[in-house]
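In: I need the structure of the sequence given here:
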Amino acid sequence: MIKNESKLNRTLFTAIINCIFLIFSLLFFNECRNLLPSYFYNDNLVIRTYMQNNYLNTDRSFANTAKFFTALNFNYDTSYFMESFFSWIVFLALYLIIVIKYKIDFSKYNNLILLFMFSIFYGAYAAQFSKELVVFILMDFVLLISTSKSLKYNLLIFILIYGIFFRTYWILIFVLSILFYFVARNKHTNLWSWIACYFLIIICMELSYNFVTGNFLSNYRYSVNVWRVMDVNSNTIINNPLINSNILTDFLNFLYGLLNIFIPINGINSSNEIIYYLWIWIIVWITFRSILKNKDDLMDYKLYFLIGMISVQAFFEPDIGSMLRHQIVLLPILLLFINRDTFLKSNFERSKPN
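Out: Below is the predicted model of the structure:
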């Protein structure tokens, strides 16, 4: 009797804490426009412009994003409150799915850290009509319909669809993540051979891109930043140290971009960079800690999605702010990755015969 009462009290306490958290997140999402600088909403302004002028098609990804939200019965003058409230509904759905279906326990320290960071970054980047919000709408659907066996394949379909319609470089993430995953699954692969294959795959991708387009992958970063050098808000830009003339310079620019993801080579020029580098090293620490505890995590596709995204960012991301904005999709994936055994165990228990 006492045990049942204690369990009931704990359930009630958990429910109250969850309600407080969700109410706070709703209020925070609604206030973000008043708390953050206006440049956090530049893309949102562009998307609303496309929603107002549906004949515009100068940027296919923005046009498709505008059409996506228009199809959901929103328009260019939808109130900011309705916009943030809808994004909160998407956030709420994701939260409930990972708690109820995937059995993620946020009383665990690592899970709680990730949830806190996710809530803050979601409010900053996804509590508005944005490509990031599209990611989480699609992710809600994928996680809802997936079983433990089909999740990997559904994630691949999700990555490819998002790449085709909203962010073209996700197609590269799709290809790289598959290649990295299959190399890791080879029984003859060890750490050093995987690293060698990693760089070989990167070089082959550079060669293929250069052969097809005559251009270099890391040139995209330069083409964006050349117009932003004098912008006072562009204090975290990442420029190529070398002018591209061959695959070697392209590869060295890639290595420079890869190092910048983890180390502030150019120093700390903004509080945003402090936040970013704290975030990325928390991600690294939690990921490696999970792998050290369970070597089976090395066979989990979600790890190679993470590595694939960071690899592509090393070529393309023009600044630290964009890097963080595009990385927030990793948080739900990382939560699933470090709690893999919990979900698999719960599925096993449900599948056992009575």
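In: What residues of stretch 209-221 count as buried?
Out: Residues 209-210, 216-221 are the ones in stretch 209-221 that count as buried (16 or more other Cβ atoms under 10 Å). To be clear about C-beta, it is placed using only N, CA and C from the backbone, and glycine gets the same treatment.
In: can you put the residues you listed in TSV and add distance to Phe251?
Out: As requested, the buried residues of stretch 209-221 are exported to TSV (distance: Cβ to Cβ, whole Å):
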residue	distance to Phe251
Tyr209	12
Asn210	11
Phe216	9
Leu217	9
Ser218	9
Asn219	13
Tyr220	15
Arg221	14
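In: Nearest to Phe24, out of those residues: which one, please.
Out: Arg221 (37.0 Å; Cβ to Cβ).
In: For the closest one, give me phi and psi.
Out: Here is the backbone geometry of Arg221 (degrees, to the nearest 10): phi -60, psi -40.
In: Look up how far Ser311 lies from Phe211.
Out: Look at Phe211 and Ser311: by Cβ to Cβ, to the nearest Å, they are 19 Å apart.
In: same question, Arg289
Out: Applying Cβ to Cβ, the value for Arg289 to Ser311 is 22 Å.
In: right, and the helix or strand after the host helix or strand of Phe136?
Out: Assigned by DSSP states H and E, Phe136 falls within helix 131-145. Using DSSP H and E, the helix or strand that directly follows helix 131-145 along the chain is helix 151-165.
In: Tell me where the model's unsure across this structure.
Out: 1-10, 226-235, 341-354 (pLDDT under 70).
In: Hmm, Leu172 is touching Glu206, no?
Out: No - look at Leu172 against Glu206 with Cβ atoms under 8 Å: they stay out of range, at 11.0 Å.
In: What residues sit buried inside the helix holding Phe136?
Out: Neighbour count says helix 131-145 has 131-140, 142-143 buried, by 16+ other Cβ under 10 Å.
In: Run through the neighbouring helices and strands of the helix or strand that contains Phe13.
Out: Using DSSP H and E, Phe13 sits within helix 2-35. Applying 3 or more Cβ pairs under 8 Å, 6 or more residues apart in numbering; DSSP states H and E, we find helix 2-35 packed against helix 80-96, helix 109-125.
In: got those helices as TSV, with distance to Ile202 columns?
Out: As requested, the helices and strands packed on helix 2-35 are exported to TSV (distance: least, Cβ to Cβ, whole Å):
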stretch	distance to Ile202
helix 80-96	32
helix 109-125	27
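In: Tabulate those in TSV, adding columns for distance to Arg185 and mean neighbour count.
Out: Putting the helices and strands packed on helix 2-35 into TSV (distance: least, Cβ to Cβ, whole Å; neighbours: other Cβ atoms under 10 Å) gives the following:
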stretch	distance to Arg185	mean neighbour count
helix 80-96	29	18
helix 109-125	26	19
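In: Tell me which of the ones you listed sits nearest to Leu248.
Out: helix 109-125 (35.2 Å).
In: now that closest one and helix 2-35, what's the angle there?
Out: 30 degrees (axes from the mean of the first three to the mean of the last three Cα atoms, to 10 degrees).
In: and helix 109-125, how far from the chain's centre?
Out: 12 Å (Cα atoms, centre = their mean, to the nearest Å).
In: and for that helix, what are the contacting residues?
Out: 21, 25, 28-29, 32, 36, 40, 87, 91, 104-106, 132, 136, 279, 282, 286, 289-290, 324-325, 328, 331-332, 334-335, 338-339 (Cβ atoms under 8 Å, 6 or more residues apart in numbering).
In: Next one: Glu83 from Tyr41, what distance?
Out: Glu83 is 10 Å from Tyr41, by Cβ to Cβ.
In: anything in contact with each of the two?
Out: By Cβ under 8 Å, 6+ apart, the residues touching both Glu83 and Tyr41 are Gln128.
In: about what we covered before: from the contact counts, what lies against the helix holding Phe136?
Out: Partner elements for helix 131-145 (3+ Cβ pairs under 8 Å, 6+ apart): helix 60-71, helix 80-96, helix 151-165, helix 330-338.
In: Quick one: closest of those helices to Ile238.
Out: helix 330-338 (18.7 Å).
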